[in-house]
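Peer 1: sequence first, then the predicted structure:
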Amino acid sequence: MQDFVNLAMLVCASLAAMCLGVFTAYGLFKVGFAIMRWHTRQNSPAAVKARAEVARVS
């Protein structure tokens, strides 16, 4: 019975460690992509106010 309890604890601990790693990686990627999105918006030509151009028909 003690071996089963030890095995169950080991399985639960490994699953918890994997979940913690997945959630940490998810958080890091989410922050990284948010920084890249902010950086792209700061340096993109679309950030400059665009004027509407009208074609003249003669």
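Peer 2: Thanks, I have it.
Peer 1: where's Arg51 relative to Gln42, distance?
Peer 2: Counting by CB to CB, to the nearest Å, the separation of Arg51 from Gln42 is 21 Å. For glycine as for every other residue, the C-beta is placed from the backbone atoms N, C-alpha and C.
Peer 1: pLDDT below threshold where in the protein?
Peer 2: Along the chain, the parts satisfying pLDDT under 70 run over 43-50.
Peer 1: which helix or which strand is home to Val5?
Peer 2: Under DSSP states H and E, the secondary-structure element containing Val5 is helix 2-43.
Peer 1: ok, Val54 next?
Peer 2: No secondary structure element spans Val54, as it lies outside all helices and strands (assigned by DSSP H and E).
Peer 1: how many neighbours does it have?
Peer 2: The number of residues packed around Val54, counting by other CB atoms under 10 Å, is 6.
Peer 1: for Ala13, see how far away it is.
Peer 2: Distance of Val54 to Ala13, computed by CB to CB: 68 Å.
Peer 1: and Glu53, backbone torsions?
Peer 2: Glu53 adopts backbone torsions of phi -110, psi 130, taken as degrees, to the nearest 10.
Peer 1: just give me the neighbour total for it.
Peer 2: The local packing count at Glu53 equals 6, with neighbours defined by other CB under 10 Å.
Peer 1: start at 55 instead
Peer 2: Got it, the first residue is 55 from now on, which makes the last one we talked about Glu107.
Peer 1: residues touching Arg105, list them.
Peer 2: Going by CB atoms under 8 Å, 6 or more residues apart in numbering, Arg105 touches no other residue.
Peer 1: cool, thanks, signing off.
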